[in-house]
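Colleague: sequence plus predicted model, see below.
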Amino acid sequence: MEPREIIREARERHNWSQKDLADRAGVSQVAIVKIESGATVHSKFLPKIAQILGLDLADLDHTLKAGAPAGQDRLFANDIKPDFRIYASAEGGPGEIIRSSEPVDFILRPSHLLHVRDAYGLLVTGSSMAPEYKNGEMAIVEPSLPVVPDEVYIFYAEKDGEARATIKHLRRATAERWLVRQHNPPEGMPEDFALSRKEWSVAHRVTGKRTRR
């Protein structure tokens, strides 16, 4: 199935019009029309559309297909040296993870991240954000994007030299707190709660994912 067909079918499953999807993705309805008609094949909006529709970005952007030979797809931004960093994580407490200090792998950089040199992938551990981000899936992270409400972020705090992290949906921010939501709270934890910005001082926006194979 072509990416345009995958998007159209997913949209229709949600009972959304093209305008509904456009409004949620923050793009024009014309952009959605062009994508679904096939007039636009490679769009910078695909990560956001995939996230909203709960789709695997790799099914919409072939640059993320594992094992594709160098030069096979012109979408690859650099087919000589894989330089897109992938970090691992481990359980770090209820709803929290500890990120590896060094990348555990490098893959070819997706074309839509060609000029986003600080972007990286993080292998998700735990199920607090399932089904949107499941255990073992790779979150695609763009640290340089501004922090705005109604997006998913990796929040970071440092303790004993370790990079503690948690992936959560940001509802809104105050001067002192991140007001966040988790879809599948660990036992004894609420769905909505607050993180101290003094402790969790860094927020990196998640713009897509690659499902586990």
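Modeller: Here it is on my side, so go on. All of these numbers come straight from a predicted model, not from anything done at the bench. Numbers count the residues shown, from 1 in each chain.
Colleague: only C-alpha atoms from now on, for both contacts and neighbour counts.
Modeller: Will do.
Colleague: so what's residue 211 up against?
Modeller: By CA atoms under 8 Å, 6 or more residues apart in numbering, the contact list for residue 211 reads 56, 58, 136, 137, 138.
Colleague: now pLDDT, secondary structure and neighbour count too, for those, in TSV please.
Modeller: Compiled in TSV, the contacts of residue 211 are given as follows (pLDDT from 0 to 100; DSSP: H, G, I helix; E, B strand; the rest coil; neighbours: other CA atoms under 10 Å):
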residue	pLDDT	secondary structure	neighbour count
56	82	coil	18
58	79	helix	19
136	89	coil	18
137	90	coil	19
138	91	strand	22
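Colleague: quick check: the two most widely separated of those residues?
Modeller: Largest separation among these by CA to CA: 58 and 136, giving 14.9 Å.
Colleague: how about the strands in this structure?
Modeller: 84-87, 89-91, 97-99, 105-107, 120-123, 138-142, 151-159, 162-173, 177-181, 192-196, 202-210 (DSSP state E).
Colleague: ok, and what's touching the fourth one?
Modeller: The set of residues that contact strand 105-107 without belonging to it, under CA under 8 Å, 6+ apart, is 82, 83, 84, 85, 86, 87.
Colleague: any idea how far residue 110 is from the fifth one?
Modeller: Same thing as residue 86. To residue 110, residue 86 is 13 Å away according to CA to CA, to the nearest Å.
Colleague: any common contacting residues for the two?
Modeller: Common neighbours of residue 86 and residue 110, counting by CA under 8 Å, 6+ apart, are absent.
Colleague: quick check: closest non-adjacent residue to residue 23.
Modeller: Residue nearest to residue 23 in three dimensions, not counting chain neighbours: residue 29, with 7.8 Å by CA to CA, 6 or more residues apart in numbering.
Colleague: list the contacts for the one you found?
Modeller: By CA under 8 Å, 6+ apart, the contact set of residue 29 is 18, 19, 21, 22, 23.
Colleague: looking at those residues, which has the most residues close by?
Modeller: Neighbour counts for the contacts of residue 29, by other CA atoms under 10 Å, peak at residue 21, which reaches 23 neighbours.
Colleague: wait, that residue sits on residue 12?
Modeller: No - using CA atoms under 8 Å, residue 21 is not in contact with residue 12, being 9.9 Å away.
Colleague: got the CA positions of the lowest-mean-pLDDT helix or strand in the chain in PDB?
Modeller: Across the helices and strands of the chain, mean pLDDT, DSSP states H and E gives its lowest value to helix 57-60, namely a mean of 80. Output in PDB follows, covering the C-alpha atoms of helix 57-60 (Å, rounded to 0.1, in the frame of the first residue of the first chain):
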ATOM      1  CA  LEU A  57       6.800   6.700  10.100                       C
ATOM      2  CA  ALA A  58       8.900   4.000   8.400                       C
ATOM      3  CA  ASP A  59       5.800   3.100   6.400                       C
ATOM      4  CA  LEU A  60       5.500   6.600   5.100                       C
END
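Colleague: can you list contacts of that helix?
Modeller: Helix 57-60 has contacts (CA under 8 Å, 6+ apart) with 2-4, 6, 46-47, 50-51, 64-65, 208-211.
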